[in-house]
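[1] Whatever this is, show me its structure:
(one chain, ligands or ions: 1)
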Amino acid sequence: MAGAEWESLEQCLEKNLPLADLREVKRILYGKETRELHLPSGAFEAASKGDFELRGYGFEAAEEQQRRPRIVRVGLVQNRTPLPTDTPVVKQVTALHRRIEAITEVAATCGVNIICFQEAWTMPFAFCTRERLPWTEFAESAEDGPTIRFCQELARKHDMVVVSPILERDAEHGDVLWNTAVVISNSGAVLGKTRKNHIPRVGDFNESTYYMEGNLGHPVFQTQFGRIAVNICYGRHHPLNWLMYSINGAEIIFNPSATVGALSESLWPIEARNAAIANHCFTCAINRVGEERFPNEFTSGDGKKAHRDFGYFYGSSYVAAPDGSRTPGLSRNRDGLLVTELDLNLCRQMTGRYKMYARELTEAVKPNYSPNIMKE
Ligand SMILES: NC(=O)NCCC(=O)O
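    Residues are numbered from 1 along each chain as shown. Modelled structure (predicted):
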């Protein structure tokens, strides 16, 4: 399994394919070509100085006679954890705040209206260890914890909606933990929160030691820049999860993730893209970068030797549109900011048959259901 040395699928194709082949391969893998977005040169300088990748793309929508274009810029941030996992908790959180602050600053100069960070962005992805401490100490209030207050400042300063996926500690309910994303309006007000609906129990990704499946359903957040929802990581394997956000009116669904090559890299380019097509909305897939090593060995319940690392988080964040086109991905091995301009007029359902499916699903979940199979 390639690690940091293999930069990206795009880079490999560009390096190895003759131009005519490359054009055809891209047409099939990426759909209609996305235009390169003109971003300020100062933004590229800041990104280079800050050692992160900056890319910009735009999706085109046909002009309509009765609606103006509804243009919005989204920013997707992927990053590695800058400090070793055995550094004191507060130092790790502070270092991540500083890193994200710098990247968000550049996003603002690129005109980003809505920014989303990766899953559990304030911490290493320590759920594989199944240890209580120090990892649960990264949890904080989704209403007024230090990270939310930090994001509120970012939102106000940059007039930007901030989607902040954190490990939540719910003090109102016995201090239980949740895998949560908080949506902060560009006014700085907390619009609300949503919780991860599907929890993996696959090898090292056995997160149920820490939190259970979310209990908030499929909320959609009306922002000044459009209606958004957050389908956290593992929920991307579940088509009905995407569907419910779309039924509730989401025009953009963010998918903040933390996932490694062995488990999901071949699914990554397909799932969010397919969800955009199937649910007539934009989808934004974000993955963290790099390798995280933990102080104590842990096992994965797969008969293999105990180990200290989780595998390689392969980045590759991208945006997909309802017409099936998608941006190229950010790299597999660098922190990055992907700025994408969307026209929300591309989202409009024409052929949904929800009533029929509702009726059939209602039958299918009954204990005495008999599947409709025709036999000779
Ligand atoms: N964080 C998380 O849910 N990871 C699961 C792995 C995957 O969905 O690829």
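
[2] okay, now the residue of the stretch 51-200 of the chain found nearest the ligand: neighbour count?
    Across the stretch 51-200 of the chain, no residue is closer to the ligand than residue 200, which sits at 4.1 Å (CB to the nearest ligand atom). All C-beta atoms are positioned from the backbone trio N, CA, C, and that covers glycine. Around residue 200 there are 19 other residues, counting by other CB atoms under 10 Å.

[3] ok, now residue 95?
    Other residues within reach of residue 95, judged by other CB under 10 Å, total 14.

[4] who does the helix or strand hosting it touch, helix- and strand-wise?
    Assigned by DSSP states H and E, residue 95 belongs to helix 89-109. Packed against helix 89-109, as judged by 3 or more CB pairs under 8 Å, 6 or more residues apart in numbering; DSSP states H and E, are the following elements: helix 41-49, strand 71-78, helix 146-158, strand 336-343.

[5] Alpha carbons of the second one, in CSV - could you do that?
    Output of strand 71-78 as CSV, limited to C-alpha atoms (Å, rounded to 0.1, in the frame of the first residue of the first chain):
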residue,chain,number,x,y,z
ILE,A,71,-22.7,31.1,-6.8
VAL,A,72,-20.9,29.9,-3.7
ARG,A,73,-17.3,29.1,-2.9
VAL,A,74,-16.5,26.2,-0.6
GLY,A,75,-13.2,25.5,1.0
LEU,A,76,-12.1,22.0,2.0
VAL,A,77,-9.2,21.6,4.4
GLN,A,78,-7.1,18.4,4.7
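
[6] from the middle of its chain, how far away would it be?
    From the chain centre to the centre of strand 71-78 is a distance of 11 Å (CA atoms, centre = their mean, to the nearest Å).

[7] which parts of it are buried?
    Judged by neighbour count (16 or more other CB atoms under 10 Å), strand 71-78 contains these buried residues: 71, 72, 73, 74, 75, 76, 77, 78.

[8] Neighbouring strands - and their directions - for the helix or strand bottoming out on mean pLDDT in the chain?
    Taking mean pLDDT, DSSP states H and E as the measure, strand 205-206 is the helix or strand of the chain with the lowest mean score, a mean of 84. Here strand 205-206 is paired, per DSSP bridges, with strand 201-202 (antiparallel).
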